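[1] from the sequence below, what's the structure:
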Amino acid sequence: VFEDSVLDLYHNRGPRPYWLIEGEFEKCLKVMPGQFVLVTGIPNHGKSRFLDQIAMTTSMAHDWRWAVFSAETAEDQHIADLCEIRTRMPFFDGFSLKMGEGDLREALDYIRDRFVFIASKDHTPTADWVIERAKAAVIRHGINNLIVDPYNELEASRPSGQTETEFVSQFISKFKRFARNHGVTVWIVAHPTKIYIDPDTGQQRIPTL
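    The predicted structure is shown next:
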């Protein structure tokens, strides 16, 4: 039953892993379409910015389209950050000359074509709420990647009486099913609950699963 699909994989005709950032990072991580990817790390160490870099790099290299649910960053600020990555110039005045208005308009046109922002201002969003809007983005805009940043914003919708373990299990199952059914890679940013300071070195310990 699976002979044709296995032969397609063997001859590179089926899904294949894609690189995210060319160079040394390419050796560390590649992703398959429809995967569930968890991004974590020490707070305020650049998880969101790093994921923005991956999103812009892959949209330019692979023509990927992204839906973004980013509850902690205002949409205009998020777009300004993406413009910096696209133009490789700062958005504001500083040590380097900021991007010109022509560069900005080109970047805005590019982002408008390849990024969809899922905004929730009036209520606490749920996993189902985000997934329904992501499904609409698949149909309307052809997105093949979804960012949920951070998971903690959706965890706030956990029903009373449901344990966190039960909620996490259902949460992952829902997003994995969406990823598999629609061929969308799902990127979840999760902040660790607490960062411990190593008493011997005074350094923050690397978060673990």
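
[2] please, where are all the helices along the protein?
    Per DSSP state H, the chain carries helices over the ranges 3-10, 47-62, 75-87, 101-114, 127-141, 151-155, 164-182.

[3] quick one: those as TSV, columns for mean neighbour count too.
    Yep, even glycine has a C-beta here, placed from its N, CA and C like the rest. Compiled in TSV, the helices of the chain are given as follows (neighbours: other Cβ atoms under 10 Å):
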stretch	mean neighbour count
helix 3-10	11
helix 47-62	18
helix 75-87	18
helix 101-114	15
helix 127-141	17
helix 151-155	17
helix 164-182	15
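
[4] okay if I get those as TSV plus mean pLDDT and distance to residue 68?
    Output for the helices of the chain, formatted as TSV (pLDDT from 0 to 100; distance: least, Cβ to Cβ, whole Å):
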stretch	mean pLDDT	distance to residue 68
helix 3-10	84	31
helix 47-62	94	8
helix 75-87	95	7
helix 101-114	96	10
helix 127-141	96	10
helix 151-155	88	13
helix 164-182	95	15
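
[5] between those helices, which one is nearest to residue 33?
    helix 164-182 (8.7 Å; Cβ to Cβ).

[6] quick check: bridge partners of the most centrally placed residue in the chain?
    Nearest to the mean C-alpha position of the chain, counting by Cα atoms, centre = their mean, stands residue 147 at 3.0 Å. When bridges are called by DSSP bridges, residue 147 pairs up with residue 68, residue 187.
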